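Q: prediction below, plus the sequence it came from.
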Amino acid sequence: MSSGLTEEQKRRIEENRQKALARRAERLAAHRGGQVESTGPQVKEQSPGHWGDLKEKTNHPRFISQQPRNPNSPVEQKSYLQKDYNHYTANQQMVGSHGEQQKNCSEYSGQASGIKQFPTTIPNSLSYSHKHYLDAAGQKHGQQALINLGTFQQPKCYPAFKNPTEPSHPRLIDNGCPDGSKDLQSQNKSAIKFVSPPSSATPSDSEMLINISRPMEREGGGGASQASGSMQKLTSSAGAGSAFEAASCKRANSVTKGKCVKYGEDRFQVETGYNAELIAVFKKIPSKSYDPTIKKWNFSLDDYSSFMEAANQLPSVILAPLEGENAVGLASGSRFVGNRVDVKSLLMMCKNWKKPSALVKGKCVLISRLRFEVDIGYSAEVIGVFKQMDSRNYVEALQTLVSVEVEPLPEAVIQTFAAQIQRSTSQTDVPDADLSVVDSKIVTSLMPFQREGVNFAILRNGRLLLADDMGLGKTIQAICIAAYYRKEWPLLVVTPSSVRFTWAEAFHRWLPSLSPGSTNVIVTGKDNLTASLINIISFDLLSKMDKQLKCTFKVVIIDESHFLKNIKTARCRAAMPLLKAARRVILLSGTPAMSRPAELYTQIMAVQPAFFSQFHSFGLRYCDARKMPWGWDYSGSSNLNELKILLEESIMIRRLKSDVLSQLPAKQRKMVVVAPEGISAKTKAVLAAEAKKMAKGYESKQQEKEALLLFYNRTAEAKIHSVVEYILELLESGNDKFLVFAHHKIMLDAIVAELEKKHIEYIRIDGSTPSAERQFLCQKFQFSEKQVVAVLSLTAANMGLTLSAADLVVFAELFWNPGVLIQAEDRAHRIGQTSSVNIHYLVAKGTADDYLWPMIQEKIKVLGEAGLSETNFSKTAESTNYCPKPDPKQKTIYDLFQRTFSESRDDTDELLLLEAADACCEFDSGSALHDTEGETCSVSPPKKRRIEDFFKV
Ligand SMILES: Nc1ncnc2c1ncn2[C@@H]1O[C@H](COP(=O)(O)OP(=O)(O)OP(=O)(O)O)[C@@H](O)[C@H]1O
């Protein structure tokens with residue numbers, strides 16, 4: 001790249017530089033008692049040495065070599081740099097350095113010239129800063145430089161000398177480490193910071209950080225001495241300071257050096273010594289032409305990429321790429337169209353980046369949507385490249401350096417960001433999708449962030465991982481997305497078994513245009529997987545449907561997709577082929593990876609099979625894969641930030657509750673229809689018999705009440721299995737703290753027993769918990785850092801307790817008094833709660849819930865209309881077809897429930913009813929209100945008498 005300075009300007013700058021050098025040498029001599037140090041020659045005289053020797057040496061080659069390119073004294077440097085910062089144009093700085101570089105081919109000459117070769121007028125030009133690491137006592141241990149180039153944008157340049165006061169020679173001996181090498185490994189980094197300029201979009205987002213660490217850091221002792229040796233070679237070769245010449249120094253004896261230079265408007269020529277292999281390459285270039293006057297070959301720029309690719313294959317040739325913005329981009333197979341980069345070429349390079357002979361290794365890591373970082377061992381060549389290039393082309397340029405191996409960004413990243421690379425601006429706005437084909441009910445119900453989720457999905461052609469926090473309405477979004485592709489149905493929904501029926505309800509709720517028979521919930525392996533337009537199946541059943549799995553669905557929803565985290569499981573093996581065959585894949589999970597990135601792999605593959613075709617490459621990049629004696633260990637994690645950015649850019653949308661809190665109601669209620677097969681045939685028969693009896697009517701009110709309470713009790717029994725299954729699924733989904741309310745003792749006992757079995761911490765508060773202990777238990781729940789469940793009695797723990805550490809409340813059972821339910825909800829939804837509280841009501845069809853749920857809603861509605869309750873109870877938890885059907889039998893029972901539980905009673909009546917209900921559960925479940933032989937009844941005689949009295953009313 002040309003500096004654009006006149007000869008006179010260059011001469012004056014050089015003059016000044018020499019003066020500054022002389023002043024610095026004088027000062028050092030005075031400071032060290034006459035040991036004058038003169039940078040260039042002394043560096044040359046250093047033996048490669050070892051890091052440990054550095055302490056003893058007067059001149060520390062490595063440190064000397066790490067100087068910023070202005071090698072003046074600290075004072076000089078300060079004023080010089082400050083001046084630079086304030087007054088010098090980037091152009092001036094560059095020239096100063098350039099001249100200096102001509103004379104000093106130290107390892108850092110590239111660094112200096114790199115900084116100074118970028119005029120302000122050049123896009124992506126840069127400025128730098130040097131930092132010295134300080135220890136706790138403020139001592140300097142080394143330098144850090146961060147190179148920061150605009151990446152996917154075209155930023156402007158502004159200088160930013162962050163720490164111009166650093167002395168020229170950070171003192172290794174100050175570090176207090178007896179072995180300099182160790183200390184260097186940990187602290188002595190060197191880098192340049194190219195601070196990206198403020199851009200119109202997001203200034204901080206348009207940087208590339210290049211973290212250049214010293215060779216020691218990566219190479220260990222051997223590597224250090226190797227690097228040191230090469231540094232000596234560099235020093236002795238006082239070249240032009242370009243990356244190319246620095247590289248040449250390293251292989252001076254064995255290779256032919258050369259460089260590409262522009263030849264006319266659209267051609268380039270190669271200036272090089274004789275090399276038969278290279279000439280053979282020349283001859284293969286279609287646009288080759290030989291200029292006999294200058295005795296040089298020239299070629300069309302169109303062939304530049306392929307030429308460089310071929311030339312780079314030759315071990316005996318080192319060619320510097322064309323200088324200039326476009327030229328760097330053309331190097332090694334990448335092409336510019338204006339400022340655009342050929343992504344295909346980048347991808348090609350990603351495949352062939354390994355260089356067995358590389359001395360310096362590094363890797364690129366994405367750190368934001370618009371920035372990546374190059375973490376690399378120290379290399380003058382690298383610095384030389386960075387300083388010359390348009391940052392977007394870093395990889396191409398680095399690939400031309402034989403001694404440098406940089407692991408590029410993974411293909412998936414390059415492909416994902418291809419549009420940005422080519423556009424050179426970032427597009428963050430997702431366009432609004434046209435949802436006119438979808439039922440307006442759902443479209444108008446979407447909250448703004450949910451609408452964004454739908455837009456994102458449609459932009460991604462219906463393949464995504466919707467990873468919103470729990471309770472943010474993934475169901476409504478998924479239904480809306482699926483409905484957008486309705487023409488491609490039949491639809492398959494795979495869910496945990498406990499929520500299959502909830503899904504069916506949700507479809508009918510949100511898509512009123514669906515006919516009643518359009519949902520098919522599969523309950524046995526013999527059911528037809530494609531019987532309806534919408535087919536809903538549990539993970540476990542799916543794996544038992546092998547024969548039917550051949551059928552394909554174009555649209556598939558996977559709820560709680562983390563259930564697929566393990567490729568070895570039957571459920572995953574069953575689901576993956578279906579997902580691969582589907583056109584639209586909508587994965588839903590609030591916790592896509594519970595403990596390690598490896599768990600994401602199958603989900604990523606389900607959405608984007610081309611991303612990482614082999615788990616191993618994913619494992620190496622993101623799971624910190626390590627080879628162990630027994631094989632590879634993928635349980636770690638690495639480059640997580642990059643993974644997050646990649647996923648968010650390509651397939652995943654994730655909003656936390658805190659992100660969208662302002663759009664959420666304080667409470668979000670959800671009715672969960674639990675699976676009926678959790679209820680045994682025997683229990684179902686008992687329930688049906690009870691219902692039949694009730695439908696016939698009773699002679700006395702006492703009989704009615706008794707029958708109702710019995711029915712209620714049987715309902716608890718019937719739901720146990722499904723409730724426990726649901727709670728375990730919540731735990732499996734990563735819910736750390738939640739409340740579970742139930743009324744019957746058998747239900748509370750069953751939940752607690754299961755938690756104990758699974759070693760889950762819990763607290764239990766029921767009627768038998770002494771009040772003194774309650775506070776202690778609440779505190780335990782509030783402050784526990786482990787997964788903990790509060791198992792609470794609906795009637796004994798619905799008031800007076802603060803359990804706001806949870807934002808999820810599960811009602812294992814319903815209760816006829818909505819006041820009790822709301823009070824129970826408010827154990828979590830109270831002062832101290834910073835989140836929207838999710839409330840799940842578990843209801844089972846064919847049980848007392850069929851009557852209790854509509855009754856509760858009805859009551860709440862009335863209270864709401866009177867301004868005595870939140871009206872949104874039924875709005876947020878309503879279910880279109882979960883209400884008593886107008887058949888006479890059901891109507892009779894419903895009326896019975898209404899009469900018994902809604903009649904106005906005084907407080908004593910209510911209390912007695914509650915006690916009676918309690919008592920039902922405290923007796924043996926098989927014979928409510930009657931002691932069972934051999935079992936101790938926990939109901940006290942007076943209480944029992946009162947209950948019996950109640951039924952006599
Ligand atoms: N836009 C909306 N309008 C009305 N109700 C909504 C809306 N979005 C969500 N809800 C309600 O909020 C509750 C929680 O929604 P949903 O179950 O879909 O959340 P989720 O993200 O799937 O949670 P989880 O991770 O627990 O499954 C449900 O009762 C749902 O009907």
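A: Received the coordinates, thanks.

Q: can you list the residues of the stretch 451-600 of the chain near the ligand?
A: Asp468, Met470, Gly471, Leu472, Gly473, Lys474, Thr475, Ile476, Gly590 (CB under 6 Å from any ligand atom). For every residue, glycine as well, the C-beta is placed using N, CA and C.

Q: can you pull the contacts of the fourth one?
A: With CB atoms under 8 Å, 6 or more residues apart in numbering as the criterion, the residues that contact Leu472 are Phe449, Gln450, Gly590, Arg655, Lys657, Val660, Leu664.

Q: now the residues of the stretch 451-600 of the chain next to the ligand in CSV, with secondary structure?
A: Below are these laid out as CSV (DSSP: H, G, I helix; E, B strand; the rest coil):
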residue, secondary structure
Asp468, coil
Met470, coil
Gly471, coil
Leu472, coil
Gly473, coil
Lys474, helix
Thr475, helix
Ile476, helix
Gly590, coil
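
Q: restrict the contacts of Leu472 to the buried ones and give me that as a PyMOL selection.
A: Entered in PyMOL, the line below selects the buried ones among the contacts of Leu472, by 16 or more other CB atoms under 10 Å:
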select buried, resi 449+450+590+655+657+660+664
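
Q: the ligand: which of the contacts of Leu472 is nearest?
A: Top of the list for closeness to the ligand, among the contacts of Leu472 and by CB to the nearest ligand atom, is Gly590 at 4.1 Å.

Q: phi, psi for the closest one please.
A: Dihedral pair for Gly590: phi -80, psi -20, per degrees, to the nearest 10.

Q: so it sits against Gly473, correct?
A: No - Gly590 is beyond contact range of Gly473, at 11.1 Å (criterion: CB atoms under 8 Å).

Q: in space, what's closest to Leu588 - neighbours in sequence excluded?
A: In this structure, Leu588 finds its nearest non-sequential neighbour in Lys474, 4.4 Å apart by CB to CB, 6 or more residues apart in numbering.

Q: likewise for Glu642?
A: Leu366 (4.1 Å).

Q: before we move on, which element is the one you found in?
A: Taking DSSP states H and E as the criterion, Leu366 maps to strand 360-368.

Q: can you classify Asn535 as helix, strand or coil?
A: Asn535 ends up strand, using three-state DSSP.

Q: my guess is it contacts Asn520. True?
A: Yes - with contact defined as CB under 8 Å, Asn535 reaches Asn520; the gap is 4.8 Å.

Q: list the buried ones in stretch 256-276?
A: Quick answer for stretch 256-276 (16+ other CB under 10 Å): 256-263, 267-270, 272, 275.

Q: go on, stretch 476-488?
A: By neighbour count with 16+ other CB under 10 Å, stretch 476-488 contains the buried residues Ile476, Gln477, Ala478, Ile479, Cys480, Ile481, Ala482, Ala483, Tyr484, Tyr485, Arg486.

Q: go on, stretch 799-809?
A: Neighbour counts over stretch 799-809 (16+ other CB under 10 Å) mark Leu801, Thr802, Leu803, Ser804, Ala805, Ala806, Asp807, Leu808, Val809 as buried.

Q: for stretch 263-272, give the mean pLDDT please.
A: Regarding stretch 263-272, the rounded mean pLDDT is 84.

Q: what does stretch 727-745 give?
A: Rounded mean pLDDT across stretch 727-745 is 90.

Q: that one close to the ligand?
A: No - with CB under 6 Å from any ligand atom as the criterion, the ligand is not reached by stretch 727-745; the gap is at least 7.0 Å.

Q: please save the CA atoms from that stretch in CSV.
A: C-alpha atoms of stretch 727-745 as CSV (Å, rounded to 0.1, in the frame of the first residue of the first chain):
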residue,chain,number,x,y,z
ILE,A,727,-43.5,-32.5,37.9
LEU,A,728,-40.6,-34.7,36.8
GLU,A,729,-40.8,-33.2,33.3
LEU,A,730,-40.7,-29.8,34.8
LEU,A,731,-37.6,-30.8,36.7
GLU,A,732,-36.1,-32.4,33.7
SER,A,733,-36.7,-29.1,31.8
GLY,A,734,-34.5,-27.3,34.2
ASN,A,735,-37.1,-25.6,36.4
ASP,A,736,-35.2,-25.0,39.6
LYS,A,737,-37.7,-23.8,42.0
PHE,A,738,-41.5,-24.1,41.9
LEU,A,739,-44.5,-24.5,44.1
VAL,A,740,-46.9,-27.4,43.8
PHE,A,741,-50.2,-27.1,45.5
ALA,A,742,-52.4,-30.1,46.1
HIS,A,743,-55.2,-30.8,48.4
HIS,A,744,-55.4,-34.5,49.2
LYS,A,745,-52.9,-36.1,51.4
